[in-house]
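Novice: Below are the sequence and a predicted model; questions follow.
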Amino acid sequence: MGGLDWRFFAAGGLSAAWSHGYTTPIDVVKTRLQVSGANPELFNYTGPVDCLLKLLKAEGPLALLAGCTGRLMRSAARRAGREGRS
């Protein structure tokens, strides 16, 4: 078919940014729980809710977005490239 259409790049990039953006807080809690299991001296959580509450109290709500910028840039670029070839 004829050429590349910028709309495919935009749609791919935006869909990846949206999906990864709203799952980042879940990933932060999951990663903290994994570290807690491997190194209880660093983090001591009894479960996901305990982790979330302690994280919010100690570091504030923005801690749930830790690493979001890099994750969004990587996934948006990857997805835009994949969809842009359609």
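Specialist: Nice, I can see it. Residues are numbered from 1 along each chain as shown.
Novice: The closest residue to Ala77 other than its chain neighbours is in what secondary structure piece?
Specialist: Leaving aside its chain neighbours, Ala77 sits nearest to Gly13 (7.1 Å; criterion: C-beta to C-beta, 6 or more residues apart in numbering). Where C-beta positions appear, they are placed from N, C-alpha and C, glycine not excepted. When elements are assigned from DSSP states H and E, Gly13 belongs to helix 6-38.
Novice: circling back to that earlier point, the residue nearest to Ala77 contacts Arg78, correct?
Specialist: No - in this structure, Gly13 is not within contact of Arg78 by C-beta atoms under 8 Å, at 9.1 Å.
Novice: Between those two, which has more neighbouring residues?
Specialist: Neighbours per residue, other C-beta atoms under 10 Å: of Gly13 and Arg78, the larger number sits with Gly13, 22 against 13.
Novice: Look up how far Ala66 lies from the more buried one.
Specialist: According to C-beta to C-beta, to the nearest Å, Gly13 and Ala66 sit 22 Å apart.
Novice: swap in Phe8?
Specialist: From Phe8 to Ala66 the distance is 31 Å (C-beta to C-beta).
Novice: Check the residue nearest to the spatial centre of the chain and give its pLDDT.
Specialist: Centroid-nearest residue in the chain, with C-alpha atoms, centre = their mean: Thr24, separated by 3.0 Å. At Thr24, the model reports a pLDDT of 89.
Novice: measure it to Leu52 for me?
Specialist: 13 Å.
Novice: Equivalent analysis for Arg78, please.
Specialist: Here the criterion is C-beta to C-beta. By it, Arg78 lies 28 Å from Leu52.
Novice: Thank you, goodbye.
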